[in-house]
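Participant: What follows is a predicted structure for the sequence shown.
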Amino acid sequence: METKIYNAEQAGVFEKAAEIIKNGGLVAFPTETVYGLGANALDKTAVKKIYIAKGRPSDNPLIVHISSASELKDIAEDINDKAKKLIDAFWPGPLTIIFKKKDIIPDAVSGGLSTVAVRFPKNRTARLFIRACGVPIAAPSANTSGKPSPTSAAHVAEDLSGKIDMIIDGGSAAYGLESTIVDVSSEKAVLLRPGSVTEKMLKEVLGEIGIDRTILSKPEGDFKPLAPGMKYKHYSPLCSIRIIKGERKKALEKMRSLYEEAKTAGKKAGIIAFSEDADYFDGCKADILTAGSEKDPETIASRLFAVLRLCDEKYLDTAFIKALPETGLGLSIMNRLKKAAGYDITEV
Ligand code: AMP
Ligand code: MG
């Protein structure tokens, strides 16, 4: 199959995309979090194609995207007070909410669960696309399963060219981390995946919120995460990522010595550095990837997946990165990094 790439500003692009969706095809589109791979959420045959194109396990459910909050009642039950508060505060935006599902949502979308994940994105292109389709759009991230999520049309093409019908190019994703996921389908609201809407922002609106334990520590044994996508290794380049955690100077010294060791062993090694630390690695400049300033976690978040992909473009065998404090957006960034590293964390 030939994958057509259209610029979001091109005339007629949304009509073309809607035609593909109506015929059961797949369209990748930009959102403010990452690029999504969309199909008609009401058409189980179309939805199954998403799993095939991504190589995604069928027990990992998809997020259903809508283009106005009023469409929620068609697909979800029990829109309770907690949900209403979240919707008022964060929709449209980078927050996905889990509801009990209506029967109209096929099991192929919910991975067999009785719940459905719903998001109303803010990105203008995403909203125009969904509105043109006239149906809710099921969309996970538009990457090969397990790889870092795509934050540009080029990332989508790298993974899915030849496997999907169309990519709408809307430039780089503003936030760069997948949406925050909150489950309000039972008594207590629970944070299932941290994102750009932080725990603190959620607490301000809800008063209290539980945190799924897979966010704080490595899932062990047969523990089944509540958000099935939050498995042990994920978002991961071929290059092995290693996190170094500790006081700044000690952590930088350790990164440098591990880097030298790897090079001596004949490996192609790299350092992912925050701008404050870049000088420390002067001697090995050619292998430094810059991830932005620690004072500006928003920029780190927006670049993270592109930097992880760059490790593979440079054919690095291994790359070292310093841990960030796990507060605010740092919790969301570290959550992705730990999975990218398969929890390879060296404490100094
Ligand atoms: P992705 O967009 O690729 O990040 O995938 C969607 C994420 O939403 C995955 O982590 C899923 O496990 C999660 N998700 C989707 N539907 C549900 C649901 N009903 N309950 C819990 N998590 C969900
Ligand atoms: Mg994903």
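Facilitator: Looks like it arrived, so ask away. Ligands and ions are numbered 1, 2, ... in the order given.

Participant: Show me where the stretch 201-348 of the chain has its helices.
Facilitator: When secondary structure is read from DSSP state H, counting those that start in this stretch, the stretch 201-348 of the chain shows helices at 213-216, 248-264, 297-313, 329-340.

Participant: Which stretch among these approaches residue 1 most closely?
Facilitator: helix 297-313 (23.3 Å; CB to CB). Placement of C-beta: from N, CA and C, glycine included.

Participant: Same question for that closest one: list its buried residues.
Facilitator: Using 16 or more other CB atoms under 10 Å as the test for burial, helix 297-313 gives 297, 300-311.

Participant: now do stretch 89-105
Facilitator: Within stretch 89-105, the residues scored as buried using 16+ other CB under 10 Å are 90-101, 105.

Participant: Looking at these, which one is closest to ligand 1?
Facilitator: residue 98 (4.7 Å; CB to the nearest ligand atom).

Participant: Which residues does the helix or strand harbouring that closest one contact?
Facilitator: Assigned by DSSP states H and E, residue 98 falls within strand 95-101. With contacts defined as CB atoms under 8 Å, 6 or more residues apart in numbering, strand 95-101 is touched by 63, 72, 75-79, 83, 86-87, 110, 113-119, 179-185, 192-193, 195, 197.

Participant: Could you tell me which of those residues count as buried?
Facilitator: 63, 72, 75-76, 79, 83, 86-87, 110, 113, 115-119, 179-185, 192-193, 195, 197.

Participant: Point out the ones among those that are inside helices.
Facilitator: 83, 86-87, 110 (DSSP state H).

Participant: quick one on the thing from earlier: dump the helices of the stretch 201-348 of the chain to CSV, plus mean pLDDT and distance to residue 275.
Facilitator: Output for the helices of the stretch 201-348 of the chain, formatted as CSV (pLDDT from 0 to 100; distance: least, CB to CB, whole Å):
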stretch, mean pLDDT, distance to residue 275
helix 213-216, 84, 27
helix 248-264, 96, 13
helix 297-313, 97, 9
helix 329-340, 96, 15
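
Participant: so which of those helices comes closest to residue 283?
Facilitator: helix 248-264 (8.5 Å).

Participant: in that closest one, what counts as buried?
Facilitator: Under the neighbour-count criterion of 16+ other CB under 10 Å, helix 248-264 has 251-252, 254-256, 258-259, 262 buried.

Participant: Give me the residues contacting that helix.
Facilitator: Taking CB under 8 Å, 6+ apart as the rule, helix 248-264 contacts 242, 244-246, 269-271, 277, 280-281, 284, 287, 317-318, 320-323, 346, 348.

Participant: and that helix, how far from the chain's centre?
Facilitator: 29 Å (CA atoms, centre = their mean, to the nearest Å).

Participant: Check stretch 2-16 too.
Facilitator: For stretch 2-16, the separation from the chain centroid amounts to 24 Å (computed by CA atoms, centre = their mean).

Participant: got it, and stretch 115-127?
Facilitator: 13 Å.

Participant: That one and ligand 1, any residue contact?
Facilitator: Yes. Against ligand 1, stretch 115-127 shows contacts by CB under 6 Å from any ligand atom at 115-117.

Participant: Reformat those as JSON lines; add pLDDT.
Facilitator: JSON lines is the format used below for the residues of stretch 115-127 next to ligand 1 (pLDDT from 0 to 100):
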{"residue": "115", "pLDDT": "97"}
{"residue": "116", "pLDDT": "98"}
{"residue": "117", "pLDDT": "98"}
